[in-house]
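Engineer: let's see this in three dimensions:
(chains A, B, C and D)
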Amino acid sequence: MTERRIGVYVCNCGTNIANVVDCDAVAEAAQSLPGVAVSRSYKYMCSNPGQEMIVQDIREEGLDRVVVAACSPRMHEPTFRRAAEMAGLNPYLVQMANIREQCSWVHDPGETATDKAKDLVRAAVYRAACHEPLERMAVEMCPDTLVIGGGIAGMSAALELADAGNRVYLVERTASLGGNVARVDLTAPYLDSARDMIVDRVTRVVEHPNVDVLLESELERLDGFVGNFKATLVRRSSGEAPPRQVVDVGSVVVCTGYKEFDAARVTHFGYGKLPDVITSFEFEQMLKQGRIELKDGRLPQYVAIVHCVGSRSEEFHGYCSRVCCMTALKYAHEVKSALPKAYVSDVYVDMHAFGKGCEDFYRRSAEVKTLFLMYGKGERPVVRRADPGDDCEMLLTVDEQLSGELIELPADLIILMVGMEPRDDAGQVAHLVNISQDKDGWFIESHPKLDPVATTTDGVYIAGACQSPKDIPDSVAQARAAAARILGKISRGKLEIDAMYAEVDEDLCSGCRVCNEICPYSAIEFDEEKRRSHVISALCKACGACVATCPSAAIKARHFTDAQIFAEITGVLA
Amino acid sequence: MSFEPKIVSFLCNWCSYSGADLAGTSRVHYKPNVRVIRVMCSARVDPTFVVKALAEGADGVLVCGCHPGDCHYSEGNYKTMRRMPLLKRMLADFGIEEERVRLEWVSASEGTRFADIVDDMTERLRALGPSRVKTALAYDAVER
Amino acid sequence: MAIRANPKLIEELEPYGAEDVMKCYHCGNCSAVCPFSADPYVFPRKPMRYLQMGLEDKLKGQLDPWLCYYCGECSDQCPREAEPGETMMSLRRWLTSKYDWTGISRLFYRSWRWELGAIVLVAILTAIGFTLFGMSQGSIAHYDGPDAFLPSASIHIFDWVLAGVLLTFLLSNAARMWWFTMGRDKDLPTTLGSYITSAWMLPAHFFTQVRYSKCEHKRSWATHLALMLSYVTMLVLIMFFLTRMASGPEIDWSVHVAGYFATAGLLLGTALFLRNRVKRSSAQYRHSHESDWIFLVLILIVATTGILQHILHRSGLDVAANVAYIVHLSLVVPMLALEVPFSKWSHLAYRPLAMYLAQVRATALARARSGEATALRPGAERTQAHAA
Amino acid sequence: MAGEKLQIALYWGAACGGCDVAVLDTNEFILDVHAAADIRLWPIAVDGKYADVEAMEDGELDLALYNGAVRNSENEHIAKLLRRKSKVLVAFGSCAHLGGIPGLANLASRDEIMNVAYLHNPSIEKGNTTLPRPESGVNGSTLTIPEFYKRVYELDDVVPVDYYVPGCPPAADRIKEVLQAVVSGGLPVPGSVVGANETALCDECPRTKNEKKVKAFHRPWQVMIDPETCLLEQGVLCAGVATRGGCGARCPSSGIPCRGCYGPLPGVVDQGAKLLSAVVSVIDSNDAEEIDRILDGLPDFTGFAYRFSAPSSLLQRSVRQ
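Structural biologist: Below you'll find the model as predicted:
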């Protein structure tokens, strides 16, 4: 091996790293490592001057490998790869050492942290010496898109894409479009009609020449990779041999929404036992029918709305379902306008009124004399039947936090604001399209702040409440953002896919076929004639399972080769 | 000075490495004894890596992947789950203590869990003392 | 044991002026800015909460509204325009009606027509009564002397009888106040000793309104105090020196000088308050209940007719002076008979009483907690409010 | 030295003798060898003494085939001697190449071995506690025997080795090829493994291979082995996937799973670890307990995986105390 010329750059990240790790000492130690030609410490490597420094060194010092000791590669690896590319160096010749997230931010200042940083830099230098230049693959981008779910998010994404002239397959499991929004009467905080909103969308989607609406259908299988998926769609409604069709799509938008929390899981509200304890969706139904009444047909005098049913509790879901607070206020308004003489109580844990117009809506709800009662998180308001002499049907016992009093609240109608939870089959959907779920079952976005519509699988996007509880504007915004991302890709026509994939050295392969079963993407094919296995690189997602398994060391994980990892092991332990 | 074990940790890119990054962004402190090597999936962790790390002086090897069922590559972690028990049996035959090799599931949201695991493992290895492998092999090379 | 909430109570309070209380979302700013809010009397937030939830019994037992002088700072600071100051004011009105066992107070506060009607009725009856009485006693041509139309000795007797009746009402209501706030609370370890040792607070607060002086606006306190002292001076003059006041036509400087000062105080005080209320100059004047107007206007015209009568008498226009006297009396009587026990006037008694009872109560509570009663120690208010 | 006969030596270290027999298994080819070469040392077949070798010039020998591991001081001494005297030193057979079967002793300590062999063996006379010692006094003089090392080494642990011929024993045909290459000067670059394939045994194994999924492992005698299909697919532990071919798949062809004697494939640093990775990958279970149960069907997996390569593996020996 000819002598490498490796450049090492130790980022101070302002004081984020430098306050804990002696960056100059790390750079100095790196200087003496084999093949290191340049070693510098600098305030902000990711800044323009920082990147410029790398570019200049590559050009002037003839560097052939670059090691940046800075933040997590998940943060800035693309940045430094681009810098290398600008200087004409293959981007895969860059290696990062994570001395911020996994060193300076988690350790106390001093020698130990500096020693660890030195170890990590040494490992990166050893590894970088083993790096090979890699070329990315260019593939065609199919302009058609599969949208899963015909709710407000799915329809919004579909329209955005179709309006731009692209074909969209909109798959909806039920017999009608509209999703959960179609079950709602008015919307908070402006009290617009949800029906008007939905009807307009549905009409446009159905009549759109570029949208294929497939009702009572599901995605059965998704093969392929970004730009080149093959989706098997199946129509469930028709009997034994459901018709299948396979469509080519370039992108997938998952908009499968949510389901409401099952109020029967909470026993202390008497749901299912007391006739006039109903869920928010049952109340929406009542509102849509235009009459708020008790089961026996009388009008309620006292209406109690209970927040956070299934949400923000250790017992059920720890998260906030986000829309219930404003929906509850909407109910207060709707009850007051339908029954001006009714007394509305709003029993909440916290009032979350963070959306546009929501704080004002909350104020207006107070002005219509809604009685707000606060119960403690983890407390359980209990509902019981009222006594014969009472002027109400039920009594709700609340340990009221703002007064410190244990009170009994009269109620004739109790509305439980049931939270959102992932659909039962969210796990299957995640598996089908290969995306992840968080601990609650919501789909995980690529980055919680900077990339909230993409997923860890290229070409698969998420929008709406399948990602986390969301209101209508947020769902629509996310759907259209996903569409914008896809349109961007479509407009470029070709896609570059990562140069990281596994490849089989057929000279070393014995055709033992141990790897065949290992690949979750069926990317490994066995050639019966040659009696050799090989990897279809476009299908490979570079997990490296086959590489670790191959007893002949015949499969190479590009950019994660045995040699590179061995070098890293040696590096951290040297 | 007390013995400070060196732990080599293989973390899968999607869950555990992100989890370790989250420990960082959340400033959850843990013992500085761990050295992380990023792999795309815990299934990439060839038993050879573990053995090599031990042979080159690691006092412990920590392999972390996504929780079963949550693998970014849908079932990579199951492969790891099959590999590690047999590897541990094998290492026991080479006289390497059970505690030195550990497989844990750490999701991208479990920064604190990662920190706890590192702290716990560090404590256990401190109690166990240094690994004899590297010194034994160095000794064998000169002393028959 | 759970207390029954009553969402309807707020509707009952609305006629008393508590119109905005439901807007409150309990940020607690009001209690934080109030110079008097300190453990165990944290207000206005807590009474507002009780009111929102309709905890009538709790409210009835509260002294807190009386501890407020309505400086208006809380209403100024309220982010929700829930008018905590006005809510406290409304609660005082409501409490007044609760203390009053006759139900008249409730009637007046809920309907200004009733109040005004009652005043007019009593005025007419008084006018008729005194005219008939005067005609039976002497001649309208004589203001004083043996032939006096309304001999001061008789009026004096009438005054004392009226005072006796009023006092009976007021004391019985005050007793009810004590019962609601102190007496019925069996768990409160009050001692006779603490009632005695704190008794100085009654006259102290009555005559100085020292707590009001702790409020931000010193002028309000000064005006309020001046008006009150003028009124009391006039009361003393009438109750004890009526004969000398009515003698003449020479001016008896030994009594009249005090009368002039008191009259000036009454005129100036009511004029100032009326001006503030008309102009809604600050928070405490923004909301004026009908009872507030009636109260001020009544004092103003009583004072004016008093002056008129005095001038006419000194000018030797006895007939005119007698007519003015009748008019004066026909306003004084409803003012005293209706306002003192049943309406706004009563706060003259309830507030110092509340201060006193609050001290006794705080001492008892502190004993219960084996701590020291500090809540109402003079000068402790600011520091405590800040510490809270 | 064109036209002159090759000067060769064959030696056995810690070995069973099978490698020597394997040389003889080349049958009549051995006569060609004899015709082309002078066999200067071959303790099993030719009358040559250590002293004769010591008397040689350095580099006098053209080729030395060393079979057997290095277990004692004699093995090491001769290995060094042959290295000095020989132009080309070949680690011949699994033991010299990787440590071989004697190398399994590295999973135990010297004391354990001595205990079993000399103190607690059923054939030991009761009360006899004699242990071999490098030096013992007999009738006033000192008797020496080689020192038994603490562990087993493969040949290249003690001397630089030019070529490796794997196999336990190396297949006769491959021995022929190697010797012919020596004669013809067709040897590859020093350090290479010769007489073996670059691909795994499976490549030459006649059994058909499919995708592999097993729920249980079996010892060969526990099941009726299908003669046509891959043994691993049948749940019979076979080291073939992780072992160089070159033997002609002798074992699997006769219904016996490969035992791994040809050692790791090029690019593999630890045969046992790689075999482990391959073997577990055929387990068809995602349940930790079931996996554990299935693994119970692999008794002494370490002994199997490192049957021939423990001393040359990354861990080399047990560090148990």
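
Engineer: and the helix or strand in which C:Ala175 is found, how far out from the chain middle?
Structural biologist: In the assignment (DSSP states H and E), C:Ala175 maps to helix C:152-178. Helix C:152-178 has its C-alpha centroid displaced from the chain centroid by 15 Å (Cα atoms, centre = their mean, to the nearest Å).

Engineer: going by contacts, tell me the helices and strands next to that helix.
Structural biologist: With contacts taken as 3 or more Cβ pairs under 8 Å, 6 or more residues apart in numbering or on different chains; DSSP states H and E, helix C:152-178 sits against helix C:84-99, helix C:218-246, helix C:340-342, helix C:347-368. Backbone N, C-alpha and C define where each C-beta goes, glycine included.

Engineer: settle this for me: B:Glu99 is touching B:Gly60, isn't it.
Structural biologist: Yes - assessed by Cβ atoms under 8 Å, B:Glu99 is found in contact with B:Gly60 at 7.2 Å.

Engineer: hey, what's in contact with both of those two?
Structural biologist: Residues touching both B:Glu99 and B:Gly60 by Cβ atoms under 8 Å, 6 or more residues apart in numbering or on different chains: B:121, B:125.

Engineer: which one of those two has more residues nearby?
Structural biologist: B:Gly60 (25 against 13; other Cβ atoms under 10 Å in any protein chain shown).

Engineer: who does the more buried one form a beta bridge with?
Structural biologist: With DSSP bridges as the criterion, B:Gly60 is bridged to B:Ile7.

Engineer: roughly how far does it sit from B:Asn33?
Structural biologist: Distance, B:Gly60 to B:Asn33, by Cβ to Cβ, to the nearest Å: 8 Å.

Engineer: find residues that contact each of the two.
Structural biologist: Both B:Gly60 and B:Asn33 are contacted by B:5-7, B:125, under the criterion Cβ under 8 Å, 6+ apart.

Engineer: nearest to B:Ser74, of those?
Structural biologist: B:Ile7 (28.4 Å; Cβ to Cβ).

Engineer: give me the pLDDT for B:Ile37.
Structural biologist: For B:Ile37, the model assigns a pLDDT of 98.

Engineer: what pairs with the helix or strand where it lies, and is each one parallel or antiparallel?
Structural biologist: Assigned by DSSP H and E, B:Ile37 belongs to strand B:34-39. Strand pairing for strand B:34-39, using DSSP bridges, gives strand B:7-12 (parallel).

Engineer: which parts of the helix holding C:Ala175 are buried?
Structural biologist: The neighbour-count check on helix C:152-178 (16 or more other Cβ atoms under 10 Å in any protein chain shown) flags C:152, C:155-156, C:158-159, C:163, C:166, C:169-170, C:173-174, C:176-178 as buried.

Engineer: now swap in stretch D:277-295 and tell me
Structural biologist: Buried, per 16+ other Cβ under 10 Å, within stretch D:277-295: D:277-283, D:285, D:291, D:294-295.

Engineer: tell me how far the closest residue to chain B within chain C lies from C:Pro84.
Structural biologist: Of all residues in chain C, the one sitting closest to chain B is C:Cys27 (30.3 Å; Cβ to the nearest Cβ). Distance of C:Cys27 to C:Pro84, given as Cβ to Cβ: 11 Å.

Engineer: between the two, who's got more neighbours?
Structural biologist: Ranked by neighbour count (other Cβ under 10 Å), C:Cys27 and C:Pro84 place C:Pro84 first, with 32 against 14.

Engineer: quick one: residues contacting A:Asn19.
Structural biologist: A:104, A:109.

Engineer: ditto for D:Arg83
Structural biologist: The contact partners of D:Arg83, taken as Cβ under 8 Å, 6+ apart, are D:64, D:89, D:159-160.

Engineer: how close does the spatially closest residue to the residue of chain C closest to chain B that is not a sequence neighbour sit to B:Thr135?
Structural biologist: Distances taken as Cβ to Cβ, 6 or more residues apart in numbering or on different chains put C:Pro79 closest to C:Cys27, at 6.3 Å, once the chain neighbours are dropped. C:Pro79 sits 70 Å away from B:Thr135, taking Cβ to Cβ as the criterion.

Engineer: swap in A:Tyr126?
Structural biologist: If you measure A:Tyr126 against B:Thr135 using Cβ to Cβ, the figure is 22 Å.

Engineer: those two: which is more packed in?
Structural biologist: Between A:Tyr126 and B:Thr135, A:Tyr126 has the larger neighbour count (other Cβ under 10 Å), namely 25 against 12.

Engineer: the more buried one contacts A:Glu568, doesn't it?
Structural biologist: Yes - A:Tyr126 lies in contact with A:Glu568 (Cβ under 8 Å); the separation is 6.5 Å.

Engineer: strands of the stretch 151-300 of chain D, start to end?
Structural biologist: Taking DSSP state E, counting those that start in this stretch to define them, one finds strands in the stretch 151-300 of chain D at D:163-165.

Engineer: which ones are touching the residue in it that chain C sits nearest to?
Structural biologist: Per Cβ to the nearest Cβ, D:Ala288 is where the stretch 151-300 of chain D lies closest to chain C, at 50.2 Å. By Cβ under 8 Å, 6+ apart, the contact list for D:Ala288 reads B:81, B:85.

Engineer: stretch D:158-172 near chain B anywhere?
Structural biologist: No - judged by Cβ under 8 Å from any Cβ of the partner chain, stretch D:158-172 and chain B are separated, with a smallest distance of 9.0 Å.

Engineer: does that stretch reach chain A?
Structural biologist: No - using Cβ under 8 Å from any Cβ, stretch D:158-172 never reaches chain A; the gap is at least 15.0 Å.

Engineer: could you give the residue of the stretch 51-200 of chain D that lies closest to chain A?
Structural biologist: Closest point on the stretch 51-200 of chain D to chain A, by Cβ to the nearest Cβ, is D:Ala200, at 3.4 Å.

Engineer: before we move on, what about chain C?
Structural biologist: Nearest residue of chain C to chain A: C:Pro7, at 3.8 Å (Cβ to the nearest Cβ).

Engineer: circling back to that earlier point, which of the helices or strands spans the residue of chain C closest to chain B?
Structural biologist: Using DSSP H and E, C:Cys27 sits in no helix or strand.

Engineer: tell me if I'm right that D:Met114 and D:Leu131 touch.
Structural biologist: Yes - proximity of D:Met114 to D:Leu131 meets the contact threshold set by Cβ under 8 Å, at 5.8 Å.

Engineer: helix/strand/coil for the residue minimising distance to the centre of chain B?
Structural biologist: Centroid check for chain B by Cα atoms, centre = their mean gives B:Leu62 as the closest residue, at 0.9 Å. Here B:Leu62 is strand, with the state taken from DSSP: H, G, I helix; E, B strand; the rest coil.

Engineer: many thanks, I have nothing further to ask.
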